[in-house]
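1. Sequence and predicted structure, then a few things I'm wondering about:
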Amino acid sequence: MKTSFALSLLMLFISQALFGQAMAPTQPTLMPIPFSKKGESSRDAFEEDELMRIAMTKVKEAFDNRGVNTIDFRAKLKQVNNNEFLEADQKSDIKDELIRLSGADIYIEVEANPNYSDEGNSVTILLSAYDAFSGESLANKVSTSPKFYTTSFEKLVEKAVDDKIEDFLNTLNQKFQNIRENGRTIVLTIGIGNDQSFDMDSEVGDDGDLLSDAIENFVSDHAFKGVYHLQGISTNKIIFDQVKVPLFGPDEKPYRVSRFAVDLRNYLKAFGFDAQRDINGQNMVITLVAI
């Protein structure tokens, strides 16, 4: 009993040291997904490669054993397969849809390659972590198992994963904490719709501010910790190549960038404009038209 209790305490300590308090509401959720080559769908990469499936299982087990929240790729794949968009003969890769439906904060691309030689066989595992929102690379690790005269690749995969998983999680934790402290970056482009009688130099509000100034005032007030960068202004467009948004809202729930767009739309309504939004990952495009 003492040995079991001591082991439990040790595992709890490792989990906290690597990824913060295991039960903390702001702990990121990870989803391992298969690496797919250009022109290959994530579904085919998973279903047609047994070694890939073994590697993803071992990576997920390693995360789970360290108290990290994970999402099962196989379950989400079934969910996507049942979605109506597949029934419409959509031919594009389902990777983006999987990530969107999963609700994962971070996705981990897993690649597994067998190595054969006269000195024995081994497996090389490549792990690449990305922010599910922006696609920003967060951590990368390559690990090759020792060589053994065996065809039990499951054991070789396990050895390769165990060798690097703690370093991988340490790097991932540092990057995630940096995002938590400094925010995520979105790119905000606001333009004037076709056939409109106003432009960025039009005066708005009781104070007679230019429309471009009013927009910058909003961004300054709503950017996370006030951090933003104005790339440029023209008569018909204003571009912010960096606007920081928080990772979590005041309620500690994940902050959705659509919330920023809603607040901006409500702000501009007071000046007589409607804001039509288009959000794709970290890119937000707003088109203004007069109400």
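-> Yes, it's here. Everything numeric here is computed off the predicted structure, so don't read it as measured data. Residues are numbered from 1 along each chain as shown.
2. rest of the way, CA atoms for contacts and neighbours
-> Will do.
3. Which pLDDT value goes with S15?
-> Looking at S15, its pLDDT stands at 44.
4. Pretty sure K147 sits against G120.
-> Yes. Proximity of K147 to G120 meets the contact threshold set by Cα atoms under 8 Å, at 4.9 Å.
5. So these two - more neighbours on which side?
-> Summary of the neighbour comparison: K147 and G120, criterion other Cα atoms under 10 Å, with K147 having more neighbours (16 against 13).
6. Could you say which helix or strand holds the closest residue to E136 other than its chain neighbours?
-> Sequence neighbours aside, Y130 is the residue nearest to E136 in space, at 5.4 Å (criterion: Cα to Cα, 6 or more residues apart in numbering). Assignment of secondary structure by DSSP states H and E places Y130 within strand 122-131.
7. quick one: strands adjacent to that strand?
-> Partner strands for strand 122-131, per DSSP bridges, with pairing direction: strand 106-115 (antiparallel), strand 137-144 (antiparallel).
8. looking at those, which is closest to M31?
-> Nearest to M31, of all these, is strand 106-115, at 4.7 Å by Cα to Cα.
9. any idea how far E136 is from S212?
-> Between E136 and S212 the computed distance is 29 Å (Cα to Cα, to the nearest Å).
10. who's more crowded, the two?
-> Counting neighbours by other Cα under 10 Å for E136 and for S212 shows that S212 has the greater number, 21 against 14.
11. so that one sits in a helix?
-> Yes. Per DSSP: H, G, I helix; E, B strand; the rest coil, S212 lies within a helix segment.
12. Name all residues that make contact with the residue nearest to it when sequence neighbours are not counted.
-> Once its chain neighbours are removed from consideration, S212 has its nearest residue in M200; the separation is 5.1 Å (Cα to Cα, 6+ apart). Counting by Cα atoms under 8 Å, 6 or more residues apart in numbering, M200 touches I192, L210, L211, S212, S234, T235, N236, K237, I238.
13. Mind jotting down where the helices sit in the stretch 51-200 of the chain?
-> In the stretch 51-200 of the chain, the helices defined using DSSP state H, counting those that start in this stretch lie at 73-81, 84-87, 95-102, 153-182.
14. The first one: which residues count as buried?
-> Within helix 73-81, the residues that qualify as buried by neighbour count (16 or more other Cα atoms under 10 Å) are F73, R74, K76, L77, V80.
15. ok, of these, which one's closest to I165?
-> Using Cα to Cα, F73 is the member of those that lies nearest I165, at 18.7 Å.
16. burial count for P32?
-> Neighbour count of P32, defined by other Cα under 10 Å: 25.
17. Wait, it touches A75, no?
-> No. Using Cα under 8 Å, P32 makes no contact with A75, being 11.9 Å away.
18. Looking at the contacts of M200, state which has the most neighbours.
-> Highest neighbour count within the contacts of M200: I238, with 23 neighbours (other Cα under 10 Å).
19. Determine whether the claim that it is in a strand is correct.
-> Yes. Counting by three-state DSSP, I238 falls inside a strand.
20. which residue packs closest to it, ignoring adjacent ones?
-> I190 (5.4 Å).
21. Tell me the bridge partners for the one you found.
-> I238, I286.
22. who's the spatially closest residue to L51 that is not a sequence neighbour bridged to?
-> Nearest residue to L51 in three dimensions, chain neighbours excluded: A112, at 6.5 Å (Cα to Cα, 6+ apart). On DSSP bridges, the residues paired with A112 through beta bridges are I125.
23. Distance check, F176 against P254.
-> Taking Cα to Cα as the criterion, F176 is separated from P254 by 13 Å.
24. Near the residue nearest to E136, how many other residues are there?
-> 19.
25. Can you tell me how far it is from S143?
-> Between Y130 and S143 the computed distance is 18 Å (Cα to Cα).
26. For this structure, which residues score under the pLDDT cut-off?
-> 1-26, 82-93 (pLDDT under 70).
27. what do you get if the cut-off is 50, keeping everything else the same?
-> For the chain, the stretches flagged by pLDDT under 50 are 1-25, 84-92.
28. ok, the nearest residue to V80 once chain neighbours are set aside - contacts?
-> The spatial neighbour of V80 that comes closest, neighbours along the chain excluded (Cα to Cα, 6+ apart), is L98 at 6.6 Å. Remark: with contacts taken as Cα under 8 Å, 6+ apart, L98 is in contact with K76, L77, V80.
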